[in-house]
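Participant: I need the structure of the sequence given here:
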Amino acid sequence: MLDTNAQLDPSPILQTAFAFWSSKVLLTAVEFGVFTKLGDRRMTGVELGAELGLHSRGMSDFFDALVAMQFLDRAGDGPSAKYFNTPAGALYLDCGSPRYVGGWLVMLNDRLFKFWHDLLEALRTGMPQNEVKHGQKGMFEELYAELPRLEQFMGAMTGLSRINFEAFAAKFDFSKFRTLCDVGGATGLLCIEVAKANPDLQCISFDLPPVEPIARKHIAAAGLSDRVCTASGDFFN
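Facilitator: Residues are numbered from 1 along each chain as shown. Below you'll find the predicted structure:
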């Protein structure tokens, strides 16, 4: 029997119920580029808001919400207070950082957030609630048909994979091998990390033709075009 007199704590229920508020604040901040714009600077709310093109109404509440959630830090109070990145924000949410994971958050905000609104309908009907519902092509057909969206998706995948790829490149013994081919290599990140850790290894990043120019751009940015090349095709064929 449930003791109706027991003082049960409703906090976990309420925190979960309101969690989308916090999520949307963080996703919006990444979409605006708040953490990238700050970089290693300290800025007042007015200065940061002006650079981001934000309206003054709600601007301070927005930045202070990020402070309360420990994604930003703040020195001082009132209009003269200076906002700056936390160590975690600088490492993972500034797109200039090699460990940037914000690409995934951008895709969550741009694509997946609205689809989760239809979870109830998905559970009742069993039907997909993504692009197909709105008369568009399937997810991957849509992504691969439009280069900017494809690049956004690849950036998201890169953010999630980077730490695992770095660990693999550091721990696996490649000394017995001369070449590596990553099948389904996306932006070429695995090849890039392995090549950086193994100067004598030649690497090939293999993926569908629309992905190849994206991979080449990332490989060139890493300064590894001489040791990491691309190949295109369909690994199902």
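
Participant: after the helix or strand of the chain with the lowest mean pLDDT comes which helix or strand?
Facilitator: Among the helical and strand segments of the chain, the one scoring lowest on mean pLDDT, DSSP states H and E is helix 139-145, with a mean of 67. The C-terminal neighbour of helix 139-145 among helices and strands, as given by DSSP states H and E, is helix 147-171.

Participant: Where does the spatially most central residue of the chain fall, secondary structure wise?
Facilitator: Centroid check for the chain by CA atoms, centre = their mean gives W104 as the closest residue, at 2.3 Å. Assigned by DSSP H and E, W104 falls within helix 102-107.

Participant: what's the offset of that helix from the middle of its chain?
Facilitator: Here the centre of helix 102-107 is set off from its chain's centre by 3 Å, with CA atoms, centre = their mean, to the nearest Å.

Participant: by contact count, what packs against that helix?
Facilitator: On a contact count with 3 or more CB pairs under 8 Å, 6 or more residues apart in numbering; DSSP states H and E, helix 102-107 meets helix 19-32, helix 147-171. Every C-beta, even on glycine, is put in place using the N, C-alpha and C of the backbone.

Participant: and those helices, which one's lowest on average pLDDT?
Facilitator: Here the helices and strands packed on helix 102-107 differ in mean pLDDT, and the lowest is helix 147-171 at a mean of 81.

Participant: in the helix or strand following it, what's buried?
Facilitator: Note on helix 147-171: by DSSP H and E, the next helix or strand toward the C-terminus is strand 179-183. For strand 179-183, a neighbour-count test (16 or more other CB atoms under 10 Å) marks 180, 182 as buried.

Participant: Compute the inter-axis angle for the helix or strand that comes right after strand 179-183 and strand 179-183.
Facilitator: Sequence order places helix 189-197 as the next helix or strand after strand 179-183, per DSSP H and E. Interaxial angle of helix 189-197 relative to strand 179-183 (axes from the mean of the first three to the mean of the last three CA atoms, to 10 degrees): 160 degrees.

Participant: Other residues contacting helix 189-197?
Facilitator: 158, 161-162, 165-166, 168-170, 174, 180, 182, 185, 201, 203-205, 218-219, 222, 224, 227-228 (CB atoms under 8 Å, 6 or more residues apart in numbering).

Participant: List only those of those residues flagged as buried.
Facilitator: Using 16+ other CB under 10 Å as the burial test, the contacts of helix 189-197 include 158, 161-162, 165-166, 169, 174, 180, 182, 185, 201, 203-205, 218-219, 222, 224, 227-228 as buried.

Participant: quick one: low-confidence ranges for the chain?
Facilitator: Within the chain, the segments meeting pLDDT under 70 span 1-6, 137-143, 152, 156.

Participant: 80 instead?
Facilitator: Scanning the chain for pLDDT under 80 picks out 1-6, 98, 131-160.

Participant: re earlier: residues contacting the residue nearest to the centre of the chain?
Facilitator: 155-157, 159-160.
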